[in-house]
Every structure is written in structure tokens, then in C-alpha cells.
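With the sequence up front, the predicted model follows.
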2 protein chains.
Amino acid sequence: MNISQIAKMAGVSPAAVSRYLNHGYLSEEKKVSIEKVIKETGYIPSSQAQTLRTKTTKLIGVIIPKIDSDSISQVVAGIGEVLTKQGYQMLLANTENQNDRELEFLATFQQHMVDGIILLGTILTAKHKAVLKALNIPFIVLGQACDYASCIYHDDYLAALTLTEYMIEKGHRRIGYLGVTEKDYAVGQLRKQGFLDAMSRQNLEIPASSMRIGSFYMENGYENTKRLLADCSDLDAIVCATDTIALGAIKYLNQLSIKIPNDIAIAGFGDSRISSILSPSLTTIHFYYRECGSEGAKVLIDKIANPSSPNKSLKYGFELIKNETA
Amino acid sequence: MNISQIAKMAGVSPAAVSRYLNHGYLSEEKKVSIEKVIKETGYIPSSQAQTLRTKTTKLIGVIIPKIDSDSISQVVAGIGEVLTKQGYQMLLANTENQNDRELEFLATFQQHMVDGIILLGTILTAKHKAVLKALNIPFIVLGQACDYASCIYHDDYLAALTLTEYMIEKGHRRIGYLGVTEKDYAVGQLRKQGFLDAMSRQNLEIPASSMRIGSFYMENGYENTKRLLADCSDLDAIVCATDTIALGAIKYLNQLSIKIPNDIAIAGFGDSRISSILSPSLTTIHFYYRECGSEGAKVLIDKIANPSSPNKSLKYGFELIKNETA
DNA sequence: TCATTTTGTGAAATCGTTTTCACTTCTGTA
DNA sequence: TACAGAAGTGAAAACGATTTCACAAAATGA
């Protein structure tokens, strides 16, 4: 069923049908007859053919590192909400933490002529920058600061600083740290730096052996807590770069019947749904993930409507959730 | 940059370039020169134009009720893995539990000419059936049995039966139930029926006031546990239709300092990541969510390749996770 | 009444591919 | 030598929409 057939059935030209579908510069009489035929046939215009002429797809490509993650799925939910409302569709690409796949997906997005791209950034390399700019498609970065695009992110540094100061205030002195790769600027570097600065402000020592770097998975929390305690048996608290890592740590401590927070206090980042249900409940940082997603989608849509508009950089705050593990 | 420009630059016809891109019925000499030009220019063919001719988009539409859900995001991860591997892209539509939106999204998918559709079913109405069949696009249903399409689902009934029998075996007699709407056949009806049958096999009473129906959210678990205990103060266990609901129940019980499992035992369904970390850890049912997603994607791709192949109906088993809350 | 503007309309070009078809040019065989 | 078949090629016709352009009819103004 195509536009010419509809036109024939309605006794008008294809151009008239197109006009009906779009602006509608058309006599009332023809509008009625076209409407009737379209209703009867259930005709839906081919978006591919439309794209071919108009160069717009109403498609937004979204690249994420992992969909089955508490924080990321919240961002995606926020994105989806706004896109749907604005008549866009989401093309979702999940790299499963394989950073190099991001570039492949960018090529696919280009092929599908997406109107815009949202990159939920983990590691932004020079190559990313080059490819993204060459793409000539509006894009934004979420979760990381970025100087060549609009970006929406969290105050990871201040959050880590605040959280660590809170731990110190609670009386903890020998605090360990479980982090992630420094290639991830927001989570790997800023959170760690916030931790370090809070410690040094109080002139607290940080022996190298009390810090560990690992993956984003729970196993990392589990294994690195084991190693941490093997090397520094006198720790009285551990700050973990994510809630997931904190869960791994808690799992290990539970197995050893080490009491939280009396023997060792724990804190995480992300305020995952679990944190308030755990018992003891997890002290953590609430970030505005869903808002980050929905705001990001809005910014991108603005950018698509007005490509020459200047880049924006929006930093969301956070909330310290004072729960029971610290 | 289009195929004609590439052709001109390589000194061949557009047809030759197209042949290079596809089957490659072409002299070695031209292949080389075309390859060179494509590499230099970074040319990527327009998938819309391709679709216009070939009627295939390499796009799969996926409809889900909620992305920020532990179980669903796992299914989506499984789907994404296979689709990417097979060169497909995922068009994701999140209804946020608004069932009527599913039909809208189906129309959008049709407009975008997706090659196939995956419906992560909650409530399948007669209208769904009618619309899906009229669509004339291969589709499959995940999470629900369905007689007019290939479907992949879990043995919800036997899981509920087994879990409840286990609770009884553990010595619980006055067991309450927190469920969801019966319109959701798998989660609402089958799990409840499994519970009821296990109870009646042991001749255990189920007063109407010991069962509650609510939403999929944690608040439901919290609020309905409150009501349940107000009416039936002598319950010694509660079976919850999902882990999320169980978490709500646990939250309420913790607030009242009711000891789990000594005062009241709890069980859920889904084996969410949290369940093993909670303390006490949550007794639950492990379903093969990720596998369901990846297998579903495979079945759909087979169906696309061979549309006349008969429908398949695949039921995955489960695993009873005997943790500490029951 | 006549000139001018407004309004409504369809023919045809266009977007960027794929694919059919007809036409060379080879290759190998009788 | 002649001829069948294979191999390689490009012109041109799709695919299904939008949009420009030209033109007719109707409305307006003098």
C-alpha cells in the first residue's frame, strides 16, 4: 500500500495525499476523501521513503556500556520517556563494556541516518572525539564531562569528597578504597580524587595497599575486598566507587562474619534500589540518573532543531544517603 | 556522498559499486579500485535507500513494559547480544507499564519497517492478537505462552508450586500471598495457581484475607504486607510473586523489627542480583532471563529467514534458590 | 470589465540504492 | 573458422515518499 494507490482510490494525485499527510495545503473536500481512504486502508507511509527525501529519520541512537545495570537502565528509562513524547524512536546499542564496539555502533548509526546520538560515556578517547566530530550528526555525552559536545553529568568529585568526609566524621580513620579504571574519568578518576582529597585534608594516611582498582562487577568488590583485607587487616571502613562493588564487598564481609558497620563500615555510589533494603542499609550517594537521561534527550532534541546552538554542559548535584553501613 | 559519486571516482558505474557492496560479481581490477575509493572516502551506503529496494531494514523492534527492572533488563541484554552478532539493530520501546502504548509502538514499528518484533508480554489481549497478525511482520512473544506466535517463557506454575511446597516442607503453614493482576497470565495467574495448588495438596487453608493483588512495584510489597498483617496477624510466611514485591515486604517487616525468617518467612521470584546479598538472603526462583532473550532473538531471526516455518513454543525451567528468608 | 492576486492542483524531478536486461568481450570446443 | 556459453558491464527502471514548478480556476480590486 503506497501513496499512489491511496491517491488513486481517493481520486487525487499523490502530491495531494502527501500534502494531506504533512502541512495540509488542501481543499476541505479532498481532505475528507483522503482521510476516508486512509482510515479504511490503515495506510502508514514508509518512513524510509520519507527519509530519502527529507533526510530525517526520527531515530535517536543510544550507546550504553551495559543495560542490566541499575544506574544505566534508569538513564535509559529517562531518555526513552522524553523521546517517545517527542515522537522519536530509540535505537539501542549495548557494548557490554567492550569499549571498542562503540565505534562500530557509531558507524551503524550513521548508516541508519539517526537524527542524533546519545553516548553514555565510560571511556572517551581521542578516537571517539575524531569519529564523533566527523559524523556530522548532533550528539551529546551523558555521565562524563566533555569539551567538544553538550554533556550532562554528575558531580562525582564533590560527591566522593562529601561521602568520605562523612565517613571521617563518623570516626573512621583507616579507610580503604575500591575503585575502577582511571580511563573512566568520572567514576575512575574523580571519585578517587575526591576520596584522596578528603583524606589528606584531615591528614589521614593512605597506604598504597589500601586502594584497589578493578572492574564494574560485583566480583571485583568481592575479590578486591579479600585482597585488601589480606594486606591491610586494620581497615575500619571501605569506600567503594559504585554500589555494585560495595555489594561485592558486603557479600565477602558477611561470609567472614565481619560486622558492618561495627568492624568495617562500607559506602558506595549510586543509590541503587537495593541500598535501602539491605540490612544494614547501604550508605551511598544518590545521583539523578533518570533526570540525567530525560534532560539529555531534551538537550539533544533542541540541538537537532537548532544545530548551530552552542554546547551546554550541565552538572547535576547529588544527595548523601546516610544509611546504616557507615 | 552517494553511490554515484563513488562510482564516478572509481571510474565505474553505480551498478558496479552496488555489486561490490553486495554479491561482488565483478572483475578483480574494479574491486580493487572501488575498495580504494570507499576506504578513502569512508563512504557508508544509506540503509534507507537500501530498504526502499530490498524491503529489509535489519531493524528489530522490541517492546518492553519497563527497562529499569532487574529481570527485564537481563532479557534485553540477551536479545541485544544476539542481534548485534547477527548484524541487526534494536529499536527499543518502553511502555512504562502502560499497556495501551504497546499498540502505538507496533504502528511505529510498522512505519519503520522493522524486520521483526519481540514483545515482552505482560498482558496479551484479543486486540494484541488482531493487531499483531494484521501487521504481517514476523514476531515472537517472550515471557508468556501464546498460541498464535512463537513464544519463549518460564515454567511459572511449576516454579510457584515447587517454591510453595518448599515453604511448607520448611514447616510453614499459614502462608500469605502477594500477587499481581490476573490479566498478566504468567505472573498473575500461573504463579498464584501454583501457590494455591501446593497449599491445597497439603490441605492447608487459605483465607481470602491472606492474599493480596497489587502492582509490580516495591510499594505494593510494602503496602500490601502492611494490610496483610493487619488482617491476618498470625501468618508465618509470605510468598511474593516477584522479588521486587518481596523487597517491599522485607522493608516493612524490617521497620517493624519482625524477624525474617523466624517470625515470618519470605520468598520471591526472579533471583534478582540483590537476593543473594540481602541478609538474610532471599529465597527465590531463578529464571533464565538472559537466555530467554538471546534464544528469543535467535528464534525470531530464524523466523525472518524462513517466514513459513511453524511456530515454536519453548518453556524454560527454573531453579529453586534455597536462601535464608525461608 | 479587465488585470491581478490568491488558492488549489497535479506532473515530474528527486532522494540513493538494487536489480533486470541487453550488450560486449572472452574462452573454449567442435 | 565458427559458434556457444560464460563473464563482466552499464543504462535504466524500480522502490515510495516530498517538493518544486507551472498552470488553471476563483477571488479580489480598480
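Noted; the coordinates are in hand.

A:Leu119 and B:Asp68, how far apart?
Going from A:Leu119 to B:Asp68 by CB to CB, to the nearest Å gives 19 Å. Every residue, glycine included, has its C-beta placed from N, CA and C.

what sits against the nearest residue to A:Tyr288 once chain neighbours are set aside?
Among residues not flanking A:Tyr288 along the chain, A:Tyr316 sits closest, at 4.7 Å (CB to CB, 6 or more residues apart in numbering or on different chains). By CB atoms under 8 Å, 6 or more residues apart in numbering or on different chains, the contact list for A:Tyr316 reads A:Ile152, A:Tyr153, A:His154, A:Asp155, A:Phe287, A:Tyr288, A:Glu291, A:Cys292.

So among the residues you listed, which ones count as buried?
A:Ile152, A:Tyr153, A:His154, A:Asp155, A:Phe287, A:Tyr288, A:Cys292 (16 or more other CB atoms under 10 Å in any protein chain shown).

Closest one of these to DNA strand D?
A:Ile152 (31.5 Å; CB to the nearest atom of the strand).

check whether the helix or strand where A:Lys36 lies contacts DNA strand C.
If you go by DSSP states H and E, A:Lys36 is part of helix A:28-41. Yes. Helix A:28-41 reaches DNA strand C (CB under 7 Å from any atom of the strand) through A:Glu29, A:Lys30.

the inter-axis angle of the next helix or strand after that helix versus helix B:47-54?
Note on helix A:28-41: by DSSP H and E, the next helix or strand toward the C-terminus is helix A:47-54. Angle between the axes of helix A:47-54 and helix B:47-54 is 130 degrees (criterion: axes from the mean of the first three to the mean of the last three CA atoms, to 10 degrees).

same for helix A:47-54, what does it pack against?
helix B:47-54 (3 or more CB pairs under 8 Å, 6 or more residues apart in numbering or on different chains; DSSP states H and E).

how about the helix it packs on: buried residues?
So, applying 16+ other CB under 10 Å, buried residues of helix B:47-54: B:Ser47, B:Gln48, B:Ala49, B:Gln50, B:Thr51.

As TSV, those with pLDDT and distance to DNA strand D would be great.
Listed next are these as TSV, based on pLDDT from 0 to 100; distance: CB to the nearest atom of the strand, whole Å:
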residue	pLDDT	distance to DNA strand D
B:Ser47	93	12
B:Gln48	94	9
B:Ala49	95	7
B:Gln50	94	9
B:Thr51	93	8
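
Closest to B:Asp184 out of those residues?
Using CB to CB, B:Thr51 comes nearest to B:Asp184 of the buried residues of helix B:47-54, at 35.3 Å.

Now the closest one: closest residue in space, sequence neighbours ignored.
Leaving out its chain neighbours, the residue that sits closest to B:Thr51 by CB to CB, 6+ apart is A:Gln48, at 4.3 Å.

mind checking the SS state of the one residue in the stretch 101-250 of chain A that gets nearest to DNA strand D?
Relative to DNA strand D, the nearest point of the stretch 101-250 of chain A is A:Met113 (13.1 Å; CB to the nearest atom of the strand). At A:Met113 the chain is in coil, as set by DSSP: H, G, I helix; E, B strand; the rest coil.

Now it: phi and psi?
phi 50, psi 40 (degrees, to the nearest 10).

May I ask you to confirm that it is in contact with B:Pro45?
No. The pair A:Met113 / B:Pro45 is not scored as a contact, 10.8 Å apart, by CB atoms under 8 Å.

Please identify which of the two sits among more neighbours.
Neighbour count, other CB atoms under 10 Å in any protein chain shown: between A:Met113 and B:Pro45, A:Met113 has more, with 20 against 17.

Tell me where chain A has strands.
A:59-64, A:89-94, A:116-120, A:139-142, A:150-154, A:175-180, A:211-214, A:237-240, A:265-267, A:284-287, A:313-316, A:318-321 (DSSP state E).

Minimum distance to B:Lys127: which of these has it?
For the strands of chain A, proximity to B:Lys127 was assessed by CB to CB; strand A:89-94 is nearest, at 21.9 Å.

Is there proximity between the closest one and chain B?
Yes. Under the criterion of CB under 8 Å from any CB of the partner chain, chain B is reached by strand A:89-94 at A:Gln89, A:Met90, A:Leu91, A:Leu92, A:Ala93, A:Asn94.

ok, back up a step: buried deepest among the strands of chain A, which one?
Across these, averaging neighbours per residue (mean count of other CB atoms under 10 Å in any protein chain shown) puts strand A:237-240 on top, at a mean of 30.

follow-up on the earlier one: got a markdown table for the contacts of A:Tyr316, with pLDDT and distance to A:Met218 too?
What follows is these, written out as a markdown table (pLDDT from 0 to 100; distance: CB to CB, whole Å):
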| residue | pLDDT | distance to A:Met218 |
| --- | --- | --- |
| A:Ile152 | 97 | 27 |
| A:Tyr153 | 97 | 24 |
| A:His154 | 97 | 21 |
| A:Asp155 | 97 | 25 |
| A:Phe287 | 97 | 19 |
| A:Tyr288 | 97 | 24 |
| A:Glu291 | 96 | 26 |
| A:Cys292 | 97 | 23 |
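
so which pair among these is furthest apart in space?
Among those, A:Asp155 and A:Glu291 lie farthest apart (CB to CB), at 13.4 Å.

Count the neighbours of the nearest residue to A:Asp302 once chain neighbours are set aside for me.
Nearest non-adjacent residue to A:Asp302, counting by CB to CB, 6+ apart: A:Ser309, 6.6 Å away. Burial of A:Ser309 is recorded as 13 neighbouring residues (other CB under 10 Å).

There's contact between A:Ser309 and A:Ile301 in this structure, I believe.
No. Between A:Ser309 and A:Ile301 there is no contact under CB under 8 Å: 11.4 Å.

Could I get the pLDDT score of A:Gly24?
We have a pLDDT of 72 for A:Gly24.

Show the contacting residues for it.
Counting by CB under 8 Å, 6+ apart, A:Gly24 has contacts A:Lys31.

Next, it: phi, psi?
Dihedral angles of A:Gly24 (phi, psi; degrees, to the nearest 10) stand at phi 90, psi 40.

With A:Ile3 as the reference, measure out to it.
Applying CB to CB, the value for A:Gly24 to A:Ile3 is 15 Å.

what's around A:Lys303, how many residues?
A:Lys303 - counted by other CB under 10 Å - has 21 other residues nearby.

was I right about it contacting A:Ser150?
Yes. In this structure, A:Lys303 is within contact of A:Ser150 by CB under 8 Å, at 6.4 Å.

Name the residues contacting each of the two.
Counting by CB under 8 Å, 6+ apart, the shared contacts of A:Lys303 and A:Ser150 are A:Ile140.

I'd like the mean pLDDT over stretch A:80-99, please.
94.

my bad, stretch A:107-118
Mean predicted confidence for stretch A:107-118 is 94.
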